[in-house]
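A.B. asks: dropping the sequence and predicted coords here.
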Protein chains: 2
Amino acid sequence: MMVRQGTLKLKAQLFCGDEPAIGPGKADLLEAIDREGSISAAGRSMGMSYRRSWLLVDSMNRCWAERLVETTAGGGASKGARLTDCGRTVLDSYRALECRLADAAARGGLDGLNALMREQPLPPNAKP
Amino acid sequence: MMVRQGTLKLKAQLFCGDEPAIGPGKADLLEAIDREGSISAAGRSMGMSYRRSWLLVDSMNRCWAERLVETTAGGGASKGARLTDCGRTVLDSYRALECRLADAAARGGLDGLNALMREQPLPPNAKP
């Protein structure tokens, strides 16, 4: 989920070449994997297909020096996925970055802008 | 254009209800109108259709207490568009917000995250 603060929405992404290595969606997926213990359950909890969540995990694992998520194959109770130490570090550092950004936005004051904004937009005008 | 700082891309949007009242694209359009003196020339300079740039201006004009862009009809040299005082205030405040966010991101240091990131992603793995 993107950072929302009153009327403000913030999105921070870190890029590895042209590929977003971490951003709001990938961070949420890491958290869900940490909570659910598997990629499929994590994806399901976010309303995502297995294929989509697998692709996001694969992308993260290819962008960082070490994998962020490791899967344990084999059957039984040990089957699943979990964050590596690197995965936890990246997730925590990304959330810390989001906090710094939200603080900076609040500190400078959005009161001036918010005071100029309507509660709701006026209805659209006829198109050109 | 979104704020880019090394590997980091930042996007800030302010919402009026469900409508983005200002964000990277609308701020760039305001700047282009200020420079070009007309909505069509501004849109053209950004590779946008007249319809698209008109819709963005209409959206901004409906989200704020006062119009951000005023158009001067009638023929001749006076025909065109320009920012109102409110438009200039919103644009300047938004750019100041972007600067605060970029400063905050840099201040906290992205060195830890950047040190963990590859120069380029590894090639994709076979899909599930």
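C.D. replies: Ah, there it is.
A.B. asks: and the strands in chain A?
C.D. replies: Taking DSSP state E to define them, one finds strands in chain A at A:3-5, A:8-16, A:19-22, A:69-72, A:80-83.
A.B. asks: pLDDT (mean, whole number) over the third one?
C.D. replies: In this model, strand A:19-22 carries a mean pLDDT of 96.
A.B. asks: next: the first one.
C.D. replies: Taken as a whole, strand A:3-5 has an average pLDDT of 78.
A.B. asks: how many residues are close by the closest residue to chain B within chain A?
C.D. replies: Using Cβ to the nearest Cβ, residue A:104 is the residue of chain A that sits closest to chain B, at 3.3 Å. For the C-beta atoms, the positions are set from N, CA and C on the backbone; glycine is no exception. Neighbours of residue A:104 under the rule other Cβ atoms under 10 Å in any protein chain shown: 20.
A.B. asks: and the nearest residue to residue A:10 once chain neighbours are set aside, how many neighbours?
C.D. replies: Excluding the flanking residues, the one nearest residue A:10 by Cβ to Cβ, 6 or more residues apart in numbering or on different chains is residue A:3, at 4.2 Å. Residues lying near residue A:3 (other Cβ under 10 Å) number 18.
A.B. asks: contacting residues around the most centrally placed residue in chain A?
C.D. replies: By Cα atoms, centre = their mean, chain A has its centre lying nearest to residue A:24, at 2.1 Å. Neighbour list for residue A:24: A:1-3, A:11-13 [criterion: Cβ atoms under 8 Å, 6 or more residues apart in numbering or on different chains].
A.B. asks: top of those by neighbour count?
C.D. replies: Compared across the contacts of residue A:24, residue A:12 has the highest neighbour count, 24 neighbours, by other Cβ under 10 Å.
A.B. asks: that one contacts residue B:110, doesn't it?
C.D. replies: No - the pair residue A:12 and residue B:110 does not pass the contact test of Cβ atoms under 8 Å, sitting 9.9 Å apart.
A.B. asks: partners of residue A:80 in the sheet?
C.D. replies: According to DSSP bridges, the residues that bridge with residue A:80 are residue A:72.
A.B. asks: rewinding a little: residues contacting the residue of chain A closest to chain B?
C.D. replies: B:100-101, B:103-104.
A.B. asks: dump the residues you listed to TSV, plus distance to residue A:53 and pLDDT.
C.D. replies: Below are the contacts of residue A:104 laid out as TSV (distance: Cβ to Cβ, whole Å; pLDDT from 0 to 100):
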residue	distance to residue A:53	pLDDT
B:100	34	89
B:101	29	91
B:103	35	87
B:104	31	87
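A.B. asks: who touches both of residue A:12 and residue B:110?
C.D. replies: Common contacts of residue A:12 and residue B:110 (Cβ under 8 Å, 6+ apart): A:97, B:8.
A.B. asks: output the lowest mean pLDDT helix or strand found in chain A.
C.D. replies: strand A:3-5 (a mean of 78; mean pLDDT, DSSP states H and E).
A.B. asks: sketch out the low-pLDDT regions of chain A for me.
C.D. replies: Applying pLDDT under 70 to chain A flags the ranges A:1, A:74-79, A:108-109, A:127-128.
A.B. asks: need the longest helix for it.
C.D. replies: For chain A, the helix reaching the highest residue count under DSSP state H is reported as helix A:85-108.
A.B. asks: mind listing what's buried in it?
C.D. replies: Buried residues in helix A:85-108, counted by 16 or more other Cβ atoms under 10 Å in any protein chain shown: A:86-87, A:89-91, A:93-94, A:97-98, A:100-102, A:104-105, A:108.
A.B. asks: next one: it to chain centre, how far?
C.D. replies: On the basis of Cα atoms, centre = their mean, to the nearest Å, helix A:85-108 sits 11 Å off its chain's mean C-alpha point.
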